[in-house]
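> coordinates only, sequence not included:
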């Protein structure tokens, strides 16, 4: 175990984090960097239950820049990440439309796109190397708080700390204490098929080998109420595809379950021969998942009544994949919360939690809206206008979102935000 990581002096603040996904592990690392004491709980019995998911995940510069502060992490990620700086976009019938370059964004920070499980394993190993207390097989059934402490009921036992961070996703039990009632997920109206398999499956296919034999590629086909994205990684040795489609299932069903190639082909009937051939080439023993895009209404708050319990990541603000920001915003959440706790100190944990919400709320909801904007731009594309201006179909890439350092911003704004909150409290 490595023990020489840079850390701030011990803050004396004890933190329970529920959920060991990207949001939870990243928050734990950031809390450790800031000198807080952490216990990280997850209901899974083994790490393999988390790392086995085989689909693509993306971190834009605003998220990935934080990995540079975790020794060795960004370097390990870059070795397995997709090596492209562009996205080729096609009409759903097969006509090439435009190439969108992301090369200029390098000045804002690194971009990381890779296998969800592999990238997660790198972050998790860093958390372990830091000596963070990670406990598996811990099923949290309730949250509670008073003016001095917060806690959870885990495996039937009560556990308390200065603050509890709910990071276990869109179905988080922490949402009830924040909202005051049980809210049910709604269908977003869409679902996603995701698949990942070895690139060699395509290497001998004359119609598809160009996707894997010349290094990494990244391309997408845009059509009515459906977009299909495909990419290769590790010099074409691995390949993945994903497409968003109208969801005709029941929201009460399992939100993720095995998909079938024959079902996928029905959605892309009449599409580009390349798209259909990719789906047909998918190995029957490959990991094909049908994943429902569960939606939640924007929350009025991310924090509990006594400001000792706080939601982060998907528990607070689930993103559509077309935003390409869900993972990055969850990283930002942990960065800002850990820094706010550092600035406030142990005696002012509720103030830190309120400041976190104040700093994050407007930004995260503005970022959320981009997912809907992109989906509508693609799924309801006006092709006559796009042929006149191909860049109209490009992903929205704006400096306010991507050229952003959440830690620096928090340090710069915290004192003013805290003073404003104290003023509001004094006026009540």
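Cool, got the structure. Just so it is clear, the structure is predicted and the values come from calculations on it, not from any experiment.
> every contact and neighbour count from this point should use C-alpha atoms.
Will do.
> max-length helix in the protein?
helix 349-379 (DSSP state H).
> pretty sure residue 216 is touching residue 230, no?
No: counting by C-alpha atoms under 8 Å, residue 216 does not reach residue 230; the two are 10.5 Å apart.
> which stretches of the chain form helices?
Going by DSSP H, the chain shows helices at 22-33, 48-51, 61-64, 73-80, 116-129, 174-179, 200-203, 261-267, 273-281, 326-344, 349-379, 383-388, 399-402, 406-427.
> can I get those helices in CSV with mean pLDDT, mean neighbour count and distance to residue 7?
What follows is the helices of the chain, written out as CSV (pLDDT from 0 to 100; neighbours: other C-alpha atoms under 10 Å; distance: least, C-alpha to C-alpha, whole Å):
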stretch, mean pLDDT, mean neighbour count, distance to residue 7
helix 22-33, 98, 26, 5
helix 48-51, 69, 13, 27
helix 61-64, 97, 24, 20
helix 73-80, 96, 16, 16
helix 116-129, 95, 19, 13
helix 174-179, 90, 22, 29
helix 200-203, 95, 18, 44
helix 261-267, 94, 13, 49
helix 273-281, 97, 16, 48
helix 326-344, 97, 25, 11
helix 349-379, 93, 19, 19
helix 383-388, 94, 12, 51
helix 399-402, 96, 14, 26
helix 406-427, 92, 14, 15
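> got those helices as CSV, with distance to residue 104 columns?
Output for the helices of the chain, formatted as CSV (distance: least, C-alpha to C-alpha, whole Å):
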stretch, distance to residue 104
helix 22-33, 27
helix 48-51, 32
helix 61-64, 11
helix 73-80, 18
helix 116-129, 24
helix 174-179, 39
helix 200-203, 31
helix 261-267, 35
helix 273-281, 29
helix 326-344, 19
helix 349-379, 20
helix 383-388, 23
helix 399-402, 11
helix 406-427, 21
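> which one of those lies nearest to residue 222?
Among these, the nearest to residue 222 by C-alpha to C-alpha is helix 349-379 (6.0 Å).
> and that closest one, how far from the chain's centre?
13 Å (C-alpha atoms, centre = their mean, to the nearest Å).
> for residue 135, which residues are in contact?
Counting by C-alpha atoms under 8 Å, 6 or more residues apart in numbering, residue 135 makes contact with 39-42.
> could those residues go into TSV alongside pLDDT, neighbour count and distance to residue 175?
TSV is the format used below for the contacts of residue 135 (pLDDT from 0 to 100; neighbours: other C-alpha atoms under 10 Å; distance: C-alpha to C-alpha, whole Å):
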residue	pLDDT	neighbour count	distance to residue 175
39	98	16	20
40	98	22	18
41	98	24	17
42	96	23	17
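> make CSV out of the residues you listed and add distance to residue 95.
Converted to CSV, the contacts of residue 135 look like this (distance: C-alpha to C-alpha, whole Å):
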residue, distance to residue 95
39, 52
40, 49
41, 49
42, 46
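> can you tell me the closest non-neighbouring residue to residue 243?
The shortest distance from residue 243 to any non-neighbouring residue, by C-alpha to C-alpha, 6 or more residues apart in numbering, is to residue 228 (4.3 Å).
> was I right about that neighbour contacting residue 264?
No: counting by C-alpha under 8 Å, residue 228 stays clear of residue 264, with 11.0 Å between them.
> ok, of the contacts of residue 135, which one's closest to residue 426?
Closest to residue 426, out of all of the contacts of residue 135 and judged by C-alpha to C-alpha, is residue 39, at 34.1 Å.
> show me the contacts for the closest one.
By C-alpha under 8 Å, 6+ apart, residue 39 lies in contact with 15-17, 132-135.
> mind running it again at 10 Å?
Going by C-alpha atoms under 10 Å, 6 or more residues apart in numbering, residue 39 touches 14-18, 28, 132-135, 161, 164.
> residue 173 versus that one, what's the distance?
Residue 39 is 18 Å from residue 173, where distance means C-alpha to C-alpha, to the nearest Å.
> burial count for the residue nearest to residue 236 when sequence neighbours are not counted?
In space, and not counting its chain neighbours, residue 236 is closest to residue 212: 4.1 Å by C-alpha to C-alpha, 6+ apart. Around residue 212 there are 25 other residues, counting by other C-alpha atoms under 10 Å.
> next up, phi/psi of residue 212, please.
Torsion angles at residue 212 (phi, psi; degrees, to the nearest 10) stand at phi -130, psi -10.
> is it true that it touches residue 278?
No: taking contacts as C-alpha atoms under 10 Å, residue 212 lies outside contact range of residue 278: 11.8 Å.
> can you list residues touching both of these two?
Joint contacts of residue 212 and residue 278 (C-alpha under 10 Å, 6+ apart) are 201-202.
> now do the contacts for residue 422.
Neighbours of residue 422 in contact, by C-alpha under 10 Å, 6+ apart: 351, 416.
> make it 7 Å
Contact analysis of residue 422 by C-alpha atoms under 7 Å, 6 or more residues apart in numbering lists nothing.
> swap in residue 90?
Taking C-alpha under 7 Å, 6+ apart, one finds 96-97, 220-222 in contact with residue 90.
> how about residue 375, nearest residue that isn't a chain neighbour?
Nearest to residue 375 is residue 322, by C-alpha to C-alpha, 6+ apart, at 6.1 Å.
> about what we covered before: which one of the contacts of residue 90 is nearest residue 309?
residue 220 (40.5 Å).
> shouldn't the closest one be in contact with residue 92?
No: applying C-alpha atoms under 7 Å, one finds residue 220 not in contact with residue 92, separated by 8.8 Å.
> state which strand of this structure is the longest.
As assigned by DSSP state E, the longest strand anywhere in the chain is strand 186-198.
> any idea how far that strand is from the middle of the chain?
On C-alpha atoms, centre = their mean, the centre of strand 186-198 falls 15 Å from the chain's centre.
> repeat for stretch 138-148
On C-alpha atoms, centre = their mean, the centre of stretch 138-148 falls 25 Å from the chain's centre.
> hmm, who's touching that stretch?
41-43, 150-155, 173-174, 177, 306, 308.
> sorry, back to before: adding neighbour count and pLDDT, write the contacts of residue 90 out as JSON lines.
JSON lines is the format used below for the contacts of residue 90 (neighbours: other C-alpha atoms under 10 Å; pLDDT from 0 to 100):
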{"residue": "96", "neighbour count": "13", "pLDDT": "97"}
{"residue": "97", "neighbour count": "19", "pLDDT": "97"}
{"residue": "220", "neighbour count": "21", "pLDDT": "97"}
{"residue": "221", "neighbour count": "25", "pLDDT": "97"}
{"residue": "222", "neighbour count": "25", "pLDDT": "96"}
